[in-house]
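Structure for the following, please:
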Amino acid sequence: MKESKLELDALVIFKADLGAFTRYYEFMSQIVDYDSPDLERLSLYARHLAPLLREKAPDDDPLDLGSVELSHYRLSRIKQQDLMMVKEGGRTGLDAPTDLGSGKPRNREEEWLSQIIARLNDLFMTDGLTDQDLINYARTIRDKVSENESVMNQIANNSAEQALLGDFSGALDDAVMGSGEAHQSQMMQYLNSKELQAGFQRVVFDMLRAGRA
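Residues are numbered from 1 along each chain as shown. The predicted structure is shown next:
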């Protein structure tokens, strides 16, 4: 089972690398004349191969029952029984429920969060990273991608397999790059300004004390 998961992970990484190469080459070839027929052929092959790589096998063709016609049927009585609402010699009425309100709701948010953290731990080298580091990074990238209206429309109106073949992969790459640049810019501003440091410290302090955001 573990070996199968490793093979699947390797295929997922290959698919991601294939898409990254295609996008990178298409962009750079508009700027740089590589003068390489082999690279051009590889780019065309990768572009047409990527949509065919699926994590799940397509469903088998459904059985066509359009020509099937019901010509005969039979109804037969199997068993007949009187339902006694009151036992002989017993009292009438219904027993009141005794366990009403005793159930405990499952915390779906915590369960979902645990699953996400487990998946992130499988993906990243976690030396020096806490679970909170992993989930915060995923949330940051999620929020950046959510700003892309085209991608969000594709996610809302297509199956997961179809949406993943659309603009999502490119938008995620852009979000990762953009997030890194934004964090780098904020870090440099913070380190170079005592006034900014004091103000930002107060913002974070107030957020911690309020337990929000």
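
Please make it C-alpha for all contacts and neighbour counts, starting now.
Fine.

would you put the C-alpha positions of the worst-scoring helix or strand of the chain on mean pLDDT in CSV?
One helix or strand of the chain scores below all others by mean pLDDT, DSSP states H and E: helix 194-210, with a mean of 76. The C-alpha coordinates for helix 194-210 follow below in CSV (Å, rounded to 0.1, in the frame of the first residue of the first chain):
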residue,chain,number,x,y,z
LYS,A,194,11.4,50.8,13.9
GLU,A,195,8.0,52.7,13.5
LEU,A,196,6.6,49.9,11.4
GLN,A,197,7.9,47.3,13.9
ALA,A,198,6.1,49.0,16.8
GLY,A,199,2.9,49.3,14.9
PHE,A,200,2.9,45.7,13.6
GLN,A,201,3.8,44.3,17.0
ARG,A,202,0.6,46.0,18.4
VAL,A,203,-1.5,44.6,15.5
VAL,A,204,-0.3,41.0,16.2
PHE,A,205,-0.7,41.6,20.0
ASP,A,206,-4.3,42.7,19.6
MET,A,207,-5.1,39.8,17.3
LEU,A,208,-3.7,37.3,19.9
ARG,A,209,-5.5,38.9,22.8
ALA,A,210,-8.8,38.9,20.9
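
So which other helices or strands are in contact with that helix?
With contacts taken as 3 or more CA pairs under 8 Å, 6 or more residues apart in numbering; DSSP states H and E, helix 194-210 sits against helix 168-191.

what about the helix it packs on, average pLDDT?
Across helix 168-191, pLDDT averages out at 81.
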